[in-house]
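*Asks:* The following comprises the amino acid sequence and a computationally predicted model.
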Protein chains: 2
Amino acid sequence: MTTPADVTATLRLKRVAIDTYRENVAYLHRDCAIYRAEGFQALSKVEVRANGQRILATLNVVDDACIVGPDQLGLSEDAFGQMGVSEGHEVRIGQAAPPCSIPALHRKIAGERLAHEDYRAIVRDIAEHRYSKIELTAFVVACHQGELDREEVYYLSEAMSAVGRRLDWHDHPVVDKHCIGGIPGNRTSMLVVPIVAAHGMLCPKTSSRAITSPAGTADTMEVLSNVEPPFGRLMEIVREHHACLAWGGTSDLSPADDVLISVERPLSIDSHGQMVASILSKKVAAGSTHLLLDIPIGPTAKVRSMPEAQRLRRLFEFVAQRLGLAIDVVITDGRQPIGRGIGPVLEARDVMWVLQNDPRGPDDLRLKALRLAGRMLEFDPDVRGGDGFAIARDILESGRALEKMQAIITAQGSRSFDPEQPALAPLTFEVTATASGVVCELDNLQLARIARVAGAPKVAGAGVDLLRKLGDQVEAGEALYRVHAAYPADLGFARQEAREHDGVRLGSPADVPPLYLEI
Amino acid sequence: MTTPADVTATLRLKRVAIDTYRENVAYLHRDCAIYRAEGFQALSKVEVRANGQRILATLNVVDDACIVGPDQLGLSEDAFGQMGVSEGHEVRIGQAAPPCSIPALHRKIAGERLAHEDYRAIVRDIAEHRYSKIELTAFVVACHQGELDREEVYYLSEAMSAVGRRLDWHDHPVVDKHCIGGIPGNRTSMLVVPIVAAHGMLCPKTSSRAITSPAGTADTMEVLSNVEPPFGRLMEIVREHHACLAWGGTSDLSPADDVLISVERPLSIDSHGQMVASILSKKVAAGSTHLLLDIPIGPTAKVRSMPEAQRLRRLFEFVAQRLGLAIDVVITDGRQPIGRGIGPVLEARDVMWVLQNDPRGPDDLRLKALRLAGRMLEFDPDVRGGDGFAIARDILESGRALEKMQAIITAQGSRSFDPEQPALAPLTFEVTATASGVVCELDNLQLARIARVAGAPKVAGAGVDLLRKLGDQVEAGEALYRVHAAYPADLGFARQEAREHDGVRLGSPADVPPLYLEI
């Protein structure tokens, strides 16, 4: 059980054209001599070795020689790619040694506080894919229920940032911004990055794709340009233009985070400790020295009260300071989606309108981006406190932000996009007001859900286009928002979802929830 | 997201000869029209329907038409079997609706106490395989960390017993015995069942196979007879002989338990609440009215102190009483393995020697079985308290227990077994004492591990044959136990494991850990 088998017989590698997503699967024929002798169990973890390379995979047993023969070892698409050798190559297989950190995992499940060394061991095993889905989930839930203390959050963050690639830009400051998420349409990065880069600051921004939301920054940016240039090319772009807006998925920064997210997302677990570790470990690994962190609050945001936002702010500040990362936390208005569009193409349209100083550019998106950019500019020791906003506005209004964005788009590989004729999904319906009144709620969660059901982000042109925002007066029968979909089935699902709950509440002006914020 | 798709187009069913163990997997070709239109995601749960039957499966996407074509839907071996239709049959597929009980799961993850209704909803979803491995693990870990109170343990047990098949023997009492496990060689059921059945009590015993131990009762019984007679035949056997000794795996009693065990075992999570719910729900579903429960304690047993054993006893008693099940809890000596053999064939030899009143039958196994059987006989209102042991001994010594056992073996389907020539695995080595002294520790966990590494229970004749027990005087160089294996690799692994830690400690007579128990 504890003994890793060292099998000397070899098998021939075969690529099995099954896409098992992020899970490595190895296929072994039931009559394979090695399978019989070694007492493998179905679904157990095996170690596959070839050419000095080793990967871990979950074992599936096959009875059909068309899939794999008795002298072959099959690997699923992704696992085959990781192995990096060609079909027919000699491979060896053995029982995977159980992860060293399992005793520490058990102590966490039992509710104990863990030491820095324990987190290092756990994170290393996670990053090397040594944990099964079951063990991963146990770690995530155990950390969530027996809330980590702030020292533990630091241990976890540090351990996560230390595994995988670590960038060094040989420059200072290296600035970044991040939002904790939960607000649809919140595409400020695509405005903030060109503004601060136009000022001359280094801002190598990598973003995620949507997992549970209708669009991530990478999905929206992908409407305008390639977001997956090869790593070396990305470094060149950053050196030349001081910025990039790319997908962070393949960059191997804090790889344990990607693995943890694969179980946190399906469970909708988003504890403060894991959020802080996830965000800060990636920033440290990416070589950032200064971070502007955006915490939106509102009735349907991730953070719903000021005391909770303040607790989260203090945790970010504590851990960032221990990690040697300068941080500025801003608490922002999260009462409703930002801008008009929800979905990649719709959001790209809003962003381009703001960059072009087009009056159709949503005011709230423009103002929020300028405020965030202003705070980031103040990371520059030559900028006086309070001057950032005016500098940012000047960069935007002068067209220098647009120019910088176009340079980034061209460098990453431009795609054809015209904000006057965005490639919206052609099937539409409008949700209308059933009575007259003032819009006093736009539910972030429900509007995001409707946009997803309509097809976003998989269908880039699908989503929700908001025609009214908080505080607007509407008459009965007037349109509140328009839904775009590419397929009749998607349109039907979205209509059904909107019929159950349209995400909009109308009332009197006094019903609009107030928000008292500094910025 | 919340909308189950109702797809009208059909696909042709194909059996894909991949054994994915307990996980249902559906294979869909990437170019399949339904796959493209419905926006399925790899690894998401889909619902497959044919002929009024519906099952849930995890989706894998295939690029090779040899595995499945664009107009086919493939199902893994086990899933194909559940579907119960032939290859080429029309099947429909849609997004699986998310389980209704997910909000309750989230409340449990957040540490809240759940209501009876919540447990009913969760258990129903689990039994219907609606939970992903991630959700299952989250439930198990959340219940473990925020320990369930005893009312909650009752709710969970009741909900588990209510799902799946429920037997009614139209007889009273229906007696059963159960041990919480952890003690190798502890095959008392194979003695207790024939004794109480010979007395005329109804004892329809179903047992599990080993998952992490070197043998379960079903594995050992399988050396002597078939343990998987069809369900109807099993009922006949019980009616005729008052007993059976069969595998409980296919009987659909408390099916949620089997699903939960699939994540509890790999995590080695064995919380009191889950143990009680697992055991009692199965007994209630099996129609038992009286249960004798065995809690062994010792330094390497599952329960290691008398206060812990008493807490566990009270929890069993509380929940059993709420479930209307009469229970008698006995706390027994768990300081070392019971009997000599560890592994199916070795244990079957010990059991048959005891039944045959052969002096080579291990005394401790015989005595424990008689004590347990005696307590069970006292469930009979005609047996006076304290008389059970003598009645049990009389049944054993008179040969009536052996006769009953042979009747059960014949009824279930006899296999050839001769305790004088047991089919032991032919490769052996002995572990010897490095110094003289008294055996003062036999580590249950380590001896079980060595027997497993040697091949038990997969290789029935493999395992550990103990030559010395606690309190025995040995001289340096004398054999402590013998290891049997079928393959050189297994023998090598077992030797290496025994070299690292042989599981035996020698000392002075005063070092033998004392145990003060009633029985």
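*Replies:* Ah, there it is.

*Asks:* So which bits of the helix or strand containing A:Arg314 are buried?
*Replies:* For A:Arg314, the element it lies in under DSSP states H and E is helix A:306-323. By neighbour count on 16 or more other C-beta atoms under 10 Å in any protein chain shown, the buried set for helix A:306-323 is A:Ala309, A:Leu312, A:Arg313, A:Leu315, A:Phe316, A:Phe318, A:Val319, A:Ala320, A:Arg322, A:Leu323. Heads up, the C-betas are built off the backbone N, CA and C, glycines and all.

*Asks:* with those in mind, which one is nearest to chain B?
*Replies:* Nearest to chain B among these is A:Leu312, at 16.8 Å by C-beta to the nearest C-beta.

*Asks:* show me the contacts for that closest one.
*Replies:* Counting by C-beta atoms under 8 Å, 6 or more residues apart in numbering or on different chains, A:Leu312 makes contact with A:Ile180, A:His272, A:Met275, A:Val276, A:Ile295, A:Val303.

*Asks:* switch the cut-off to 6 Å
*Replies:* For A:Leu312, the contacting residues are A:His272, by C-beta atoms under 6 Å, 6 or more residues apart in numbering or on different chains.

*Asks:* anything in the helix or strand hosting A:Val276 near chain B?
*Replies:* Using DSSP H and E, A:Val276 sits in helix A:272-285. No - applying C-beta under 6 Å from any C-beta of the partner chain, one finds helix A:272-285 separated from chain B by no less than 12.6 Å.

*Asks:* Which secondary structure elements does the helix or strand just after that helix sit against?
*Replies:* Taking DSSP H and E as the definition, the helix or strand that follows helix A:272-285 towards the C-terminus is strand A:290-297. In this structure, strand A:290-297 makes packing contacts with strand A:175-179, helix A:306-323, strand A:326-333, judged by 3 or more C-beta pairs under 6 Å, 6 or more residues apart in numbering or on different chains; DSSP states H and E.

*Asks:* try 10 Å
*Replies:* strand A:175-179, helix A:189-198, helix A:272-285, helix A:306-323, strand A:326-333, helix A:363-377 (3 or more C-beta pairs under 10 Å, 6 or more residues apart in numbering or on different chains; DSSP states H and E).

*Asks:* got the angle between the second one and strand A:290-297?
*Replies:* Translated: helix A:189-198. Helix A:189-198 runs at 150 degrees relative to strand A:290-297, counting by axes from the mean of the first three to the mean of the last three C-alpha atoms, to 10 degrees.

*Asks:* Just the CA atoms of helix A:189-198, as PDB, please.
*Replies:* In PDB, the C-alpha atoms belonging to helix A:189-198 read as follows (Å, rounded to 0.1, in the frame of the first residue of the first chain):
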ATOM      1  CA  SER A 189      -9.000  46.000 -16.400                       C
ATOM      2  CA  MET A 190      -9.300  46.600 -20.100                       C
ATOM      3  CA  LEU A 191      -9.400  50.400 -19.400                       C
ATOM      4  CA  VAL A 192      -7.100  50.600 -16.400                       C
ATOM      5  CA  VAL A 193      -4.200  48.600 -18.000                       C
ATOM      6  CA  PRO A 194      -3.900  50.800 -21.100                       C
ATOM      7  CA  ILE A 195      -4.100  54.000 -19.000                       C
ATOM      8  CA  VAL A 196      -1.400  53.000 -16.500                       C
ATOM      9  CA  ALA A 197       0.800  51.600 -19.300                       C
ATOM     10  CA  ALA A 198       0.400  54.800 -21.200                       C
END
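
*Asks:* And the helix or strand following that helix, how far out from the chain middle?
*Replies:* Toward the C-terminus, helix A:189-198 is succeeded by strand A:203-207 as the next helix or strand (DSSP H and E). Computed by C-alpha atoms, centre = their mean, to the nearest Å, the separation of strand A:203-207 from the middle of its chain amounts to 12 Å.

*Asks:* Rounded mean pLDDT for the helix or strand following strand A:203-207, please.
*Replies:* Following strand A:203-207 in sequence order, the next helix or strand is helix A:217-224 (DSSP H and E). Across helix A:217-224, pLDDT averages out at 97.

*Asks:* And for stretch A:361-368?
*Replies:* Across stretch A:361-368, pLDDT averages out at 97.

*Asks:* Contacts for it, please.
*Replies:* A:179, A:183, A:185-188, A:190-192, A:294, A:296, A:330, A:332-333, A:336-341, A:347, A:349-355, A:357, A:369, A:389, A:393, A:396, A:419, A:466, A:469-470, A:519 (C-beta atoms under 10 Å, 6 or more residues apart in numbering or on different chains).

*Asks:* what about 8 Å?
*Replies:* With contacts defined as C-beta under 8 Å, 6+ apart, stretch A:361-368 is touched by A:185-188, A:191, A:332-333, A:338-340, A:350-351, A:353-355, A:396, A:469.

*Asks:* So which of the residues you listed belong to helices?
*Replies:* A:Leu191, A:Asp350, A:Val351, A:Trp353, A:Val354, A:Leu355, A:Leu396 (DSSP state H).

*Asks:* hey, C-alpha coordinates of the helix holding A:Val276 in PDB?
*Replies:* Taking C-alpha atoms only, helix A:272-285 is exported to PDB below (Å, rounded to 0.1, in the frame of the first residue of the first chain):
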ATOM      1  CA  HIS A 272     -12.000  34.700   2.600                       C
ATOM      2  CA  GLY A 273      -8.900  32.700   3.300                       C
ATOM      3  CA  GLN A 274      -8.900  30.800   0.100                       C
ATOM      4  CA  MET A 275      -9.800  34.000  -1.900                       C
ATOM      5  CA  VAL A 276      -6.900  35.900  -0.400                       C
ATOM      6  CA  ALA A 277      -4.400  33.000  -1.000                       C
ATOM      7  CA  SER A 278      -5.600  32.500  -4.500                       C
ATOM      8  CA  ILE A 279      -5.300  36.100  -5.600                       C
ATOM      9  CA  LEU A 280      -2.100  37.100  -3.700                       C
ATOM     10  CA  SER A 281      -0.200  33.900  -4.600                       C
ATOM     11  CA  LYS A 282      -0.800  34.500  -8.300                       C
ATOM     12  CA  LYS A 283       0.300  38.200  -8.000                       C
ATOM     13  CA  VAL A 284       3.500  37.400  -6.200                       C
ATOM     14  CA  ALA A 285       4.300  34.600  -8.700                       C
END
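
*Asks:* and it, how far from the chain's centre?
*Replies:* Relative to its chain's centre, helix A:272-285 lies at 12 Å (C-alpha atoms, centre = their mean).

*Asks:* in that helix, what counts as buried?
*Replies:* By neighbour count with 16+ other C-beta under 10 Å, helix A:272-285 contains the buried residues A:272-285.

*Asks:* Quick one: mean pLDDT over that helix.
*Replies:* 94.

*Asks:* who touches that helix?
*Replies:* A:140, A:143-144, A:147-148, A:152-153, A:156-158, A:160-161, A:164-167, A:176, A:178, A:180, A:248, A:253-254, A:256-257, A:260-261, A:264, A:291, A:293, A:311-312, A:315-316, A:319-320, A:323-325.

*Asks:* Swap in 6 Å and give it another go.
*Replies:* Residues outside helix A:272-285 that contact it (C-beta under 6 Å, 6+ apart): A:148, A:153, A:156-157, A:160-161, A:166, A:176, A:178, A:253-254, A:257, A:291, A:312, A:315-316, A:319-320, A:323, A:325.

*Asks:* The residue lying closest to A:Cys203 once chain neighbours are set aside and A:Trp169, how far apart?
*Replies:* The shortest distance from A:Cys203 to any non-neighbouring residue, by C-beta to C-beta, 6 or more residues apart in numbering or on different chains, is to A:Ala243 (4.6 Å). From A:Ala243 over to A:Trp169 the distance is 12 Å, taken as C-beta to C-beta, to the nearest Å.

*Asks:* Please say which of these two ends up with more neighbours.
*Replies:* Taking neighbours as other C-beta atoms under 10 Å in any protein chain shown, A:Ala243 and A:Trp169 compare with A:Ala243 leading, 26 against 16.

*Asks:* surely the more buried one meets A:Val193?
*Replies:* Yes - A:Ala243 is in contact with A:Val193 according to C-beta atoms under 6 Å; the separation is 5.1 Å.

*Asks:* Thank you kindly, that will do.
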